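A.B. asks: Mind looking at a prediction? Sequence and model below.
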Amino acid sequence: MKMLFMVYDVDFDDDVMEVISTCCVSGYTKWSRVLGKGERSAPKLDDAVWPGFNCAIMMAVEKELEPVVFDALQSLHKQMGGKALKVFGWPLERVI
């Protein structure tokens with residue numbers, strides 16, 4: 001299995017959720033209000049100085065499904081102009 005963790009601009013929430021649904025991801029954990037700064041983005045701290053915030057999703061996907069999900073998210077990332085979405089993946093060794 002693979003663990004995928006993504007952080008994305010809240011403005012693209014509907015698009016990301018559609019990709020996850022289309023790829024038949026059976027479960028995920030979503031954080032709806034995530035603050036921070038990316039290496040190529042302005043801070044999003046949801047205040048007067050740095051408005052806006054992100055969402056984050058973590059999901060465990062079967063090894064066979066991982067390339068499908070990753071490719072779909074990569075396609076969305078390109079549609080978004082190569083910004084506003086970051087996806088990290090690593091091996092998932094055990095689940096209880």
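C.D. replies: Received, thanks.

A.B. asks: now the end-to-end length of stretch 89-96.
C.D. replies: For stretch 89-96, the first and last residues are 19 Å from each other (C-alpha to C-alpha, to the nearest Å).

A.B. asks: now stretch 81-96
C.D. replies: The distance separating the two terminal residues of stretch 81-96, taken as C-alpha to C-alpha, comes to 38 Å.

A.B. asks: How about residues contacting that stretch?
C.D. replies: 1-9, 11-12, 16, 38, 40-41, 60, 66, 70, 73-74, 76-77 (C-beta atoms under 8 Å, 6 or more residues apart in numbering). The C-beta positions use only the backbone N, C-alpha and C, and glycine is treated the same way.

A.B. asks: In helices, which of these fall?
C.D. replies: Taking DSSP state H, the ones among the contacts of stretch 81-96 that sit in helices are 16, 66, 70, 73-74, 76-77.

A.B. asks: just the buried members of these?
C.D. replies: For the ones in helices among the contacts of stretch 81-96, burial is judged from neighbour counts taken by 16 or more other C-beta atoms under 10 Å, and it is met by 16, 66, 70, 73, 76-77.

A.B. asks: What is the nearest of those residues to residue 54?
C.D. replies: Distance to residue 54, by C-beta to C-beta, is smallest for residue 16 among these, at 10.7 Å.

A.B. asks: Now do the same contact list for the closest one.
C.D. replies: In this structure, residue 16 makes contact with 6, 8, 55, 57, 73, 76, 85, judged by C-beta under 8 Å, 6+ apart.
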